[in-house]
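Asker: Pasted the sequence and its predicted model underneath.
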Amino acid sequence: MVYLILCFFLGFFNSSLLSLSLPLPLTHLCHPEQSSALLQFKSNLFCSTPNPAQICDVPNFLKTDSWDEGTDCCKWEGVVCDNKKGNVISLDLSCSGLSGYLQSNSSLFSLQNLRWLNLAGNDFGNSEIPPEFGKLRSLTYLNLSDTELTGLVPPEISFLSEPISLDLSQNHPFLFRNHDFNMLVHNLTKLEIMVLDDMNLSVVLPYSFHNFTVSLKHLSLSDCDLQGNFPTQVFHLLYLRNIILRHNPNLIGYLPETNWSSPLRLLDVSWTSFSKGLPDSIGNLKHLKTLNLDSCVFVGSIPSALGNLTKLTLLDISSKCSKGKFLIDVFPSSAFNLTSLNFMDFSSNFLRGTLPNNISGLSYLRKLQLYANLLSGRVPGWLFILPPLYLHSNKLNGPIDPIQEPNLVLLNLPFLDLSFNNLSGNIKSCMLVKLRNLSLLDLSHNNLLSLTSCNYGANSTLPMIIEFHFSSCNMQRFPSFLNASKYLQLLDLSNNQIHRSITKWEAEGWENLTTLNLFMNFLISVEKIPGKHLYFLELSSNSLRGPLPTPPQNLSFLLISNNELVGEIPSKICNLSFLSVLDLSKNKLGGTIPDCFGTFGNKLSMILRTLNLNGNQLEGSISQSLKICFNLEVLDLGNNNINDTFPYWLDTLTNLEVLVLRSNRFHGGIQKFNRTFSFRNLQMIDLSRNEFTGHIPPELFENLKSMKDIQVDESGPEYIGGDYYQDSAIITMKGSDFKLERILTSFTVIDFSSNHFKGSIPKEVGELNSLIVLNFSHNRLAGNIPPSLGKMTALESLDLSSNKLQGKIPVQLTVLTNLGALNLSHNNLEG
């Protein structure tokens, strides 16, 4: 004990002597004028804790709360001073909840010794970036990202000759002029890091990047509207480690084909228009860890040199857009040499051939995306060691052997998607239920695959299953092993051979369902519709008989077309307050359209988007309660026995895009358009096969704004409807009826055929330069064909047959280069 005490005192004595022998560090108080400048800067802004900015990983921290007058500013949160002179050299106020305007006379710009300035993640209220930033000549680090600054980036920024790091990202209103950007690149000779993501560089010529300093290590230019040719020389910069150009769809370029050797760690040109092939020289990038070429315009084969990139952890060569795809004969076996990979995506290409039966060394791989290719052969067992497995939309064939005898690894599989292949054989349900952790199973559209029931106990189920897709797989009965799956939300058994009814027992087993798709089966009745929270119900193309079944209250989509339902549409249908789409077409429903759709206070009048009652036996008139269904886009009442005049009052529905009244008993004229903007959004109007009379009003065509100057979206086709439901329609072309399974938003139709219209064709029709189908056939129209029809440059089908037209056929029709169907027969025309 005495020894321990002695050691303690000796140690204390020695440490005391040591502390006395070393000089104490000098601590300078902050200069008063700099302290005052900081306090004034604080006083001109507000401090709050709203939702953090996009770049902030944590909630806002009010750093300026520690700034008090009379205290040493060098000890304030976010402030760092020079130990020798006490000057403020660093100010980090990132994610500090600051808001207000940043003025040119801000006291911030008096801190001439600042070397580090970070204002990221604050809100400066769309004030313009002050040119006074150019006075902070000592700055080596400047971060103004996500600060709600706006306007032109001032040329004075290029006066900062010392910056090593410049970050102006996440400020899309920021606009660089080409000259100012050139000056910036020329002057910042020490720059190592430049981040300009989500800015507006649309007027900056990419050739400017050719002048980057050789010291550049990190260049990030994603989502900044770059256009033109990106200089290949940038990829050769000696110290460049990261280059990110993603999401600039109009940026053109290609990867270096020769002499490409650099310390690159990250290369991301995804969602650009980079093209040509993937060069062999990419195999020289031995330090590369991330390679993202997703959705470019690359074509050709994938070089075997890719296997040299042994440090890769992420490899994405997918083509999720339609611009470009790799064309190769076999799956690149060299990819399996990349033993450090944890993510590999080759989806949506034209990969052919088979996958190897065995591989080794991919112990870090956690996700492999191979869907939407042309892969064939059997599904190898090693794939099932990966947690999520997405192989849909290929040509894989044969039985799925691993499912028949699941091992311990397979029992932990959470996702399995093998839909849209050519798989075959029987899957035994008693084997399937062993996949206890499966939350998503999709084996849809494998026409040679079937599910065989086993004799299993009451506890045999998929306890974690959330989505079960078994469409087009020859299923003949409901999977009773799912009844105890309490988490099941989506059940898709469409296009199978399920007979009989949905029983009460089955319905009670699916109480948490939100989506049920039983399209195209052989159901004859529904004792009870399952799910208290059902959102989407698809029972179309079955053999359902009797009255309309009572739907759950929370439905948004009720689709029961093409059945044998009879009786009237019950008024209780209007109790479905969240109903967006009601499709009861092609049944035998009679009576009148319920008057309750637009009942005052009914939510349905605000939500209903599509009402399709085509192909029934409805009578009477159209219920005017529909006129306050303000969001109605599609109204299809065709092929019924409705006896009414033209519903002018529908012009209150400013969102109406499709109006189909064909094959009814509508009568009278259509000349009473009172509003300037009547039906301005209509893109399909079908009044054919009725008993309308009188003249065709020219003012109708003046109002049809959606049939004029339509801009086609180059990113791909869009259809009326949404993810859950897409509207369809029947149109008449070349004398025959065609069903449009989906209606393009750019597809426009006017069909007034088979009525009793008289008079001349209004010349105003010619102003509809985006109209695709025009059918006035089988009426009593007289006079000349107006030459203005020659201005309808989008027209593909024109039918004026079986009228009383006369005179010469206008020569202007010869310029309609898209016209594929023209019928002027049974008139008195010349030429």
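Answerer: Happy to help now that I have it.
Asker: Apart from its neighbours in sequence, what residue is nearest Leu555?
Answerer: Leu576 (5.4 Å; Cβ to Cβ, 6 or more residues apart in numbering). Where C-beta positions appear, they are placed from N, C-alpha and C, glycine not excepted.
Asker: Then Gly125?
Answerer: Counting by Cβ to Cβ, 6+ apart, the nearest residue to Gly125 once its immediate chain neighbours are dropped is Tyr101, at 5.3 Å.
Asker: List the contacts of the residue nearest to Leu555.
Answerer: Residues counted as contacts of Leu576 (Cβ atoms under 8 Å, 6 or more residues apart in numbering) are Pro551, Gln553, Leu555, Leu558, Leu604.
Asker: For the closest residue in space to Arg545 that isn't next to it in sequence, give me the backbone phi and psi.
Answerer: The shortest distance from Arg545 to any non-neighbouring residue, by Cβ to Cβ, 6+ apart, is to Glu564 (4.9 Å). For Glu564, the backbone dihedrals (degrees, to the nearest 10) come out as phi -130, psi 40.
Asker: what's the closest of the contacts of Leu576 to Arg742?
Answerer: In terms of Cβ to Cβ, no member of the contacts of Leu576 lies closer to Arg742 than Leu558, at 19.4 Å.
Asker: What's the local residue count around the residue nearest to Gly125?
Answerer: 12 (other Cβ atoms under 10 Å).
Asker: how near is Pro570 to Leu637?
Answerer: Here the distance between Pro570 and Leu637 works out to 18 Å (Cβ to Cβ, to the nearest Å).
Asker: Pick out whichever of these two has more residues nearby.
Answerer: Remark: of Pro570 and Leu637, Leu637 carries more neighbours, 26 against 14, as counted by other Cβ under 10 Å.
Asker: how about that one, what does it touch?
Answerer: Contacts of Leu637 were listed using Cβ under 8 Å, 6+ apart, and they are Ile593, Leu613, Asn614, Leu618, Ile622, Val660, Leu661, Asn664.
Asker: What are the neighbouring residues in contact with Ser215?
Answerer: Ser215 touches Thr189, Lys190, Leu191, Glu192, Tyr239, counting by Cβ under 8 Å, 6+ apart.
Asker: Just among the residues you listed, which is most surrounded?
Answerer: Ranked by neighbours (other Cβ under 10 Å), those are led by Leu191, which has 24 neighbours.
Asker: Leaving aside the residues adjacent along the chain, what's closest to that one?
Answerer: Once chain neighbours are set aside, the closest to Leu191 by Cβ to Cβ, 6+ apart is Thr213, at 5.5 Å.
Asker: hmm, back to that, what's the closest of the contacts of Leu637 to Asn446?
Answerer: Lowest distance from Asn446 to the contacts of Leu637 (Cβ to Cβ) belongs to Asn614, with 33.0 Å.
Asker: helix, strand or coil for that closest one?
Answerer: Asn614 carries the three-state label coil when classified by DSSP: H, G, I helix; E, B strand; the rest coil.
Asker: and it, how far is that from Leu582?
Answerer: Per Cβ to Cβ, Asn614 is found 12 Å from Leu582.
Asker: Any quick ChimeraX command for the buried ones out of the contacts of Leu637?
Answerer: Buried members of those, identified by 16 or more other Cβ atoms under 10 Å, are gathered into one ChimeraX selection as follows:
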select :593,613,614,618,622,660,661,664
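Asker: domain parsing for this protein?
Answerer: The record's domain parsing of the chain by automatic domain parsing lists 53-203, 645-830.
Asker: So which of the ones you listed is nearest Arg246?
Answerer: When the domains of the chain are compared for distance to Arg246 using Cβ to Cβ, the nearest one is domain 53-203, at 9.1 Å.
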